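Novice: sequence-free structure coming up:
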């Protein structure tokens, strides 16, 4: 509502004083009495209230500032627009959701230029966005730009000028030509605001017709492991510092025109290429020719291609070892297969080359290929919300690298993506539905989300989705990793979610920042009382990440919390936990 | 405070101060917040009063943003050292704190304070506790209060030196904020029951001063505290070895804002003379006047220099006399010679020895084979000297007995710190911290000036000027921490690699310089400077200093009215 319709604190307390002694019947009477007064007072009030609500989403004032001047001007303009009876949104560019850009009807941007023609850091993201290939068409947007600058620099007001040009190129219509201003900006700004408000008065109709474009329904194609979609990589950025022991990447993938849809909680399957150096090692060991044609799945391809992207070579399993034993008749491998502990130990980290090296025997190249499994897809929890990122999917990938027997080993998919895939390349992908890891249907339900390392990925998706849905339910995130400074994944995004009230609480455990290791389960226990309260209030509890340790420890801690805070026996606590699972309120995505 | 304050009219910081409940703010919550290495926005103002500035590494700012990580936040802690003198044990403690909690270096500031950089949020509390254990503190090292009181640490020419130092300490103590917040937050002292405004901060009250306040003492002939750049300066007047009192200087100040003509550097005016007994009283009353009269609406015009220009010097003097209840006496004659430091061994009138050491950019650290920090640590361990911070970011080892000189020489030679073979220009250089930690900086200063001077040294050598002392100062922004506006050659950062280039301050620090070239890069600086230095080497009169020469030869005009200053 416009400012003049809001009642102030004093008026509110007077009103409360007035009504607190009234009975229900009296209140009903007062209600009628007030309606009568309102109808009598011309219908101007009603109309303008409605019209301001109507246009409430369509005027947006954005500022990108280094010193704060742009913000001041933006706030001025905002006040003046409100005073006209419009409603308008004002936001710093660093808090602006890029995808909202195409929805803007009236957009006013005040932006400064930093140094020699550089955008202020606050404005960088949007600057790149409107200049990049993902920039949306803006046929329905009318806009004006005020560019602040300093004439002593060569590229005076460049950032604002660039934005103006970019908007025009994207099809937006300039209400005013871009206005530049030197350090003494006040007068120019004032005149600009005058012009903008003048234009607005004549441009914005009393009631804006809703222009819902009926989106043509795209026929859904079925993509799966056997028939993956080759999706373009839009962005790949490391989200741990270069000196972090953890090498984790955020990857954004285009789904444009694929018809692929997903739901928060789903995973993505990626068909990787095996590391080339491992392929070479195996071919050398087999003393074979990489170009020799072999038959895999009834298709003829080169040996090299077969090992690179048709067969599983970075990991082994019992079945492979069995087949290998049958062909080679190696006695040692028989011993290994009969010793469960040693077998498990061996399978954890040994690859196809190790098998040839450690258990030599008579085996031809083709025989060896026949022991290997078909290369399977790697699944990654999706870290983007589908509504916040239409036609895009984001994932969060940790590189798997280790050294075994003096040889560096790389995980098939993570090293493929981190070492070989670049922006613009195409990845074979498909969506792997995960119905067991979903946001509650009731958007008022609170969420407790526990994730360590890349296990935090789906929660980014959840929160983006909840933001889009304007969900009312509270959320609480427990995140753990090694070091605050180096691998606090998506730190800036969680901070924004907190500031916007999408996320209510965030507790973090960085295991290596202090002498005694601290993990997410410790933070859970420290907050046991409140965690239990949230559960009692219907919270859904999510665990994502490492299955072997983290998920187990978190569930043990949860059980203790239920027992202690609920004041019940361990058996009862077990039942409580089971009930949570049955009600689909304890949900796991672990690996 | 009463409710009828129109906050919209006042500068934002005024509200923050008022609501901070005597500088508590929400600092404790900010320190406990594990989600960010930063403190809350308002606390960044409040923390300054505790001697703490939030900063971040500007070198990796963009990289971290791409990595979706917040900036690499850390904090600067400034340690007050009124008069700049600490003992050997305190030096060792400061040295240890720098290694344990900061980035392993100690910055000696232009106001004779210690600065630690790169202190993480979690290390703030232990750092401040350790500083207090060393019988030093950080309260009021920054913020809208009286800052570290400067006093010349050069005892060479005067017998009243110690007396002036003690008075500086007394003024400092008298003007230190009294809020218990500092002790509660950092030293875990129990909260005391809240008293009335008058009880908590009898002098400052709940909103403190409109802006920072700087006081300095100097003992002629030295002007190494740049007395005319202080809000309030005391020039010691000595008569046959007896301290008679001080000439009072008010209204100096350096800070300006690019593009804002209402801001300018200003040199103080001598108002008159006061006796030793009244020194603290005069200091208090000047502070009170500024508290009452200073501009609380526009922060950029809040310093005492603008207050005085607004009401006039004479009117200010009258108000001061009225507040004092007696009149200042007429000023007494004095002579200042230089605003730089003397280096090398000097014997003072107390019969003890003093060794002036040039510390480039005031940064005490070990670099390659030149291990200043290790050498000073070794000397401190011997406990045969005190340590004196000068207003020019240098260090004096003081009060050394004749027989201990050799030990110190030996250590310094071992670390290649003696003899210090540097040009007269380098020896008279100052650089503020600037990039990569100062959030105000537009350009490099401390990290760059040494390399610029390398190139200027080549020109000096060519024209036989290596031994001539020329005061050269560089700051990364227009706020003036390195007092660039009184330098003979001044550089003020405008953008990475670009500076406004000033000429014409004098060697005594009694004249503002003037803009010579705007927004120039290194090549342009050297090209511009070269012919002037050549001219100076050929056409100066006997004993004519560089700053005077450029005025005489009209390279720049002398700034008489500070409002004419261009930036």
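Specialist: Done, it's in. Please read all numbers here as calculations on a predicted model, not as lab measurements.
Novice: spit out the contact partners of the residue nearest to residue A:176 when sequence neighbours are not counted.
Specialist: Nearest residue to residue A:176, sequence neighbours excluded (CB to CB, 6 or more residues apart in numbering or on different chains): residue A:144, at 4.3 Å. For every residue, glycine as well, the C-beta is placed using N, CA and C. For residue A:144, the contact set (CB atoms under 8 Å, 6 or more residues apart in numbering or on different chains) comprises A:107-109, A:174-176, A:178-179, A:192, A:195-196, A:199.
Novice: continuing past the helix or strand harbouring residue A:144, what's the next helix or strand?
Specialist: Using DSSP states H and E, residue A:144 sits within strand A:142-148. Counting by DSSP H and E, the next helix or strand C-terminal to strand A:142-148 is helix A:158-169.
Novice: turn the contacts of residue A:144 into JSON lines, including distance to residue B:378, pLDDT and neighbour count.
Specialist: As requested, those are exported to JSON lines (distance: CB to CB, whole Å; pLDDT from 0 to 100; neighbours: other CB atoms under 10 Å in any protein chain shown):
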{"residue": "A:107", "distance to residue B:378": "64", "pLDDT": "95", "neighbour count": "22"}
{"residue": "A:108", "distance to residue B:378": "63", "pLDDT": "96", "neighbour count": "28"}
{"residue": "A:109", "distance to residue B:378": "59", "pLDDT": "96", "neighbour count": "25"}
{"residue": "A:174", "distance to residue B:378": "69", "pLDDT": "94", "neighbour count": "15"}
{"residue": "A:175", "distance to residue B:378": "70", "pLDDT": "91", "neighbour count": "19"}
{"residue": "A:176", "distance to residue B:378": "68", "pLDDT": "93", "neighbour count": "17"}
{"residue": "A:178", "distance to residue B:378": "63", "pLDDT": "94", "neighbour count": "20"}
{"residue": "A:179", "distance to residue B:378": "63", "pLDDT": "94", "neighbour count": "21"}
{"residue": "A:192", "distance to residue B:378": "64", "pLDDT": "94", "neighbour count": "22"}
{"residue": "A:195", "distance to residue B:378": "69", "pLDDT": "91", "neighbour count": "15"}
{"residue": "A:196", "distance to residue B:378": "67", "pLDDT": "91", "neighbour count": "21"}
{"residue": "A:199", "distance to residue B:378": "73", "pLDDT": "87", "neighbour count": "15"}
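Novice: I'd like these as CSV, with secondary structure appended.
Specialist: Formatted as CSV, these follow (DSSP: H, G, I helix; E, B strand; the rest coil):
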residue, secondary structure
A:107, strand
A:108, strand
A:109, strand
A:174, strand
A:175, coil
A:176, coil
A:178, coil
A:179, strand
A:192, helix
A:195, helix
A:196, helix
A:199, helix
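Novice: just these now: which is nearest residue A:536?
Specialist: In terms of CB to CB, no member of these lies closer to residue A:536 than residue A:107, at 45.4 Å.
Novice: now do that closest one against chain B, distance only.
Specialist: 24 Å (CB to the nearest CB, to the nearest Å).
Novice: straight-line length of stretch B:67-76, end to end?
Specialist: 25 Å (CA to CA, to the nearest Å).
Novice: wondering if it reaches chain A at all.
Specialist: Yes. Residues of stretch B:67-76 are located near chain A by CB under 8 Å from any CB of the partner chain, namely B:67-70, B:72.
Novice: ok, the closest residue to chain B within chain A - contacts?
Specialist: Residue nearest to chain B within chain A: residue A:183 (3.0 Å; CB to the nearest CB). Residues in contact with residue A:183 (CB under 8 Å, 6+ apart) are A:150-151, B:258-260.
Novice: out of those, grab the one that's most surrounded.
Specialist: residue A:150 (20 neighbours; other CB atoms under 10 Å in any protein chain shown).
Novice: show me what contacts that one?
Specialist: Taking CB under 8 Å, 6+ apart as the test, what residue A:150 contacts is A:113, A:156, A:182-183, B:258-259.
Novice: centroid-nearest residue for the chain?
Specialist: Since no chain was named, I'll use chain A. residue A:384 (3.5 Å; CA atoms, centre = their mean).
Novice: try again with chain B
Specialist: Centre-nearest of chain B using CA atoms, centre = their mean is residue B:111, 2.8 Å out.
Novice: residue contacts, that one?
Specialist: By CB under 8 Å, 6+ apart, the neighbours of residue B:111 are B:147-148, B:150, B:214, B:391.
Novice: where's the residue of chain A closest to chain B relative to residue A:150, distance?
Specialist: Taking CB to CB, to the nearest Å as the measure, residue A:183 and residue A:150 are separated by 5 Å.
Novice: ok so, going back, partners of the strand holding residue A:144, with directions?
Specialist: strand A:106-112 (parallel), strand A:173-174 (parallel), strand A:179-181 (parallel) (DSSP bridges).
Novice: which one of those strands lies nearest to residue B:372?
Specialist: Across the strands paired with strand A:142-148, closest to residue B:372 is strand A:106-112 (CB to CB), at 40.8 Å.
Novice: after that closest one, which helix or strand is next?
Specialist: helix A:121-131.
Novice: output the contacting helices and strands for that next one.
Specialist: Applying 3 or more CB pairs under 8 Å, 6 or more residues apart in numbering or on different chains; DSSP states H and E, one finds that helix A:121-131 contacts strand A:59-64, helix A:158-169, helix B:61-66.
Novice: pretty sure residue A:239 contacts residue A:492?
Specialist: No. Shown here, residue A:239 and residue A:492 do not form a contact pair, counting by CB atoms under 8 Å, at 9.9 Å.
Novice: looking at the two, which is more packed in?
Specialist: residue A:239 (25 against 18).
Novice: residue contacts, the more buried one?
Specialist: A:248-250, A:396, A:489-490, B:67-69.
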